[in-house]
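quick one, structure for this:
(2 chains)
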Amino acid sequence: MPAHISRDDVAHVAKLARLSLDDAELDTFTAQLGAILEHAEDVEALDLADVPPTSHPFDLVNVLRPDRPGTTLTPDAALAGAPQAEAGRFRVPTILGEAP
Amino acid sequence: MTAVDIARGVRAGSASATSIADAHLARIDEREPDVHAFNLVTPDVARAAAAEVDRKVAAGEDPGPLAGVPIAIKDNLCTDGIATTCSSKILEGWVPPYDATVVQRLVAAGAVPVGKTNLDEFAMGSSTENSAFGPTRNPVDLSRVPGGSSGGSAAAVAAGFAPLSLGSDTGGSIRQPAAFCGVVGVKPTYGLVSRYGLIAFASSLDQVGPFAATVADAALLLEVIAGHDPADATSIPQPAPAISEHLDDGVAGLRVGVISELMGEGIDPVIAAQVRAAADALAAAGATVTEVSVPAVTFGLSAYYLIAPAEASSNLARFDGVRYGLRVDAPTTNEMMVATRTQGFGPEVKRRIMLGTYALSAGYYDAFYGQAQKVRTLIARDFAAAYEEVDVLLSPTTPTTAFALGAIEDPLTMYLNDTCTIPTNLAGDAAMSVPFGADAAGLPVGVQILAPALGEVPMFRAAAVVEAAAPARPTGKDLR
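Next comes the predicted model:
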């Protein structure tokens, strides 16, 4: 387990998270994330082979509601906050690299 | 005037909700420029709500348990028709099409919403300095931070803008600012209060809760917002607990444990001394006080700063410029999303998104996120073992009192603020901060009372005794 995150790791993670960082930000975040991960070494070092993980405070079960028609957001209300909408849909720029 | 007194007076017809709203709006006009507790003040909404309460009283209708009580609402709770920003540029100007369940319940109970309060962006921070719209200042001492992330909600109560406010607590974001501002702050049991309409940060940890000037006011508000909500799949399917009727029960026979791991290294000795004084007060009132070890709490910070960012990285993926909020134009959708997120999020949010993405990424998942989830089990087990011996636990809320604006720049140092509060969120239990005295500079000290899941009644009973025994309220230089 590497003690610190590398500059390349930070660049890769930023790409996965759809964030663009300049060189100065890459340096700053590499140092800061490294310090936080170093602090987490106390957790890495514990022998927890026999301990089950907890993902949630209590056991989650599927919660279902009755399948009954009811009022919900209107299409207009759902689209009201959209940066761009058209014909009852969210409009976005080109997706596949071709002109729309 | 307390919320209990206002509601009683308005319900009895001896006080007018409208004049109470006007008095609080005037107070906001006077002091808000110094404090900046709000992202948005809503005088029209407040006056309309107050007029409706007055109409109901005049017509002989029940105006609700919070009749005419002004309340400030953290700006990460959705309010129908009222801008909700999470103090982020990525949501600037966004107007939700629905109310959070807690907001619906407040309005139905006759509360009077006076505004949306400032927070660290997306509730990530411990000082409210991470707001995209400028920091909030501590009303007790304007050179200090109010804590965070619910700093605006804590400051609003401390400054007298409203007797009540709502915050959210993922790792201490209600309790830490309550301690810094000298007010009461409650992190209820996970699932006791609906998260529907709370903009998610870390879904397995987030919980909405009250701020108030008094323990009785906090109990009144919690009773209104708690209870099952079919719109939240993690809501506990049982009604709100009756707390207020037990506030005078006292603590005779109650078993209280002081958490030994949170009383030594890293804790300001003045604060530790106040916790011991609060423990003495509980003992004098008939409680049995012992020292209790909860060993795994020392690993809480490390586990939290892997788990919470991991959940945040997933939750905040939805802010991509497609359906709501900011869009920065670019030729393709992918470039548009990158440009929008890069301009829309501040540095702390980016830091946590990247940390979480890393902790969840191939090759690191087991070592970081998986290991942190196992530590979460240890913490829950250690608390459960402690609660075999005692009914409630006691600790400091914070390692220090309020620090100066700009004093902490290093993220990890900032995270240490949450050392005492994080373990409760990881376990899903309840905890609250009660003001108890001050340090030499007159800055408030908070004592944390912790209880097992759904242990709100004994927790509030202890809080009422601690409150009654507290030394005189802080005398910070800007308190007036």
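
how about stretch B:404-424 and chain A, any contact?
Yes - against chain A, stretch B:404-424 shows contacts by CB under 8 Å from any CB of the partner chain at B:410-412, B:415. Every residue, glycine included, has its C-beta placed from N, CA and C.

filter those down to the buried ones, PyMOL style.
To isolate the buried ones among these in PyMOL, judged by 16 or more other CB atoms under 10 Å in any protein chain shown, type:
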select buried, chain B and resi 411+415
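
save the residues of stretch B:404-424 next to chain A as a markdown table, and put in secondary structure and pLDDT too.
Listed next are the residues of stretch B:404-424 next to chain A as a markdown table, based on DSSP: H, G, I helix; E, B strand; the rest coil; pLDDT from 0 to 100:
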| residue | secondary structure | pLDDT |
| --- | --- | --- |
| B:Asp410 | coil | 94 |
| B:Pro411 | helix | 93 |
| B:Leu412 | helix | 92 |
| B:Tyr415 | helix | 94 |
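
which pair of the residues of stretch B:404-424 next to chain A spans the longest distance?
Greatest spatial distance among the residues of stretch B:404-424 next to chain A (CB to CB): B:Asp410 and B:Tyr415, at 9.2 Å.

ranges for the strands of the chain?
Answering for chain A, as no chain was given. For chain A, the strands defined by DSSP state E occupy A:85-86, A:89-90.

think we crossed wires, I meant chain B
B:38-41, B:70-74, B:112-117, B:164-169, B:184-187, B:207-212, B:255-259, B:288-292, B:392-396, B:430-438, B:444-451.

between these, which one is closest to chain A.
With respect to chain A, and counting by CB to the nearest CB, the nearest of those is strand B:207-212 at 9.6 Å.

which ones are touching B:Ala303?
The contact partners of B:Ala303, by CB atoms under 8 Å, 6 or more residues apart in numbering or on different chains, come to A:43, B:372-373, B:375-376, B:379, B:426.

ugh, wrong one, B:Gln448
B:175, B:179, B:394-397, B:420-421, B:431-433.

just name the shakiest helix or strand of chain A by mean pLDDT.
Every helix and strand of chain A was ranked by mean pLDDT, DSSP states H and E. The lowest is helix A:41-44, at a mean of 84.

is any residue of that one near chain B?
Yes - judged by CB under 8 Å from any CB, helix A:41-44 comes into contact with chain B through A:41-44.

buried set for that helix?
A:43-44.

which neighbouring elements make contact with it?
For helix A:41-44, the packing partners by 3 or more CB pairs under 8 Å, 6 or more residues apart in numbering or on different chains; DSSP states H and E come out as helix B:300-315, helix B:371-389.

spatially nearest residue to the residue in the stretch 351-480 of chain B that chain A sits nearest to, not counting backbone neighbours?
As assessed by CB to the nearest CB, chain A sits closest to B:Gly428 within the stretch 351-480 of chain B, at 2.3 Å. Spatially, and ignoring its direct neighbours in sequence, B:Gly428 is nearest to A:Pro57 (2.3 Å; CB to CB, 6 or more residues apart in numbering or on different chains).

I'd say the one you found and B:Leu192 touch.
No - if you go by CB atoms under 8 Å, A:Pro57 and B:Leu192 don't touch, sitting 11.0 Å apart.

just want to know which of those two has more residues nearby.
B:Leu192 (25 against 21; other CB atoms under 10 Å in any protein chain shown).
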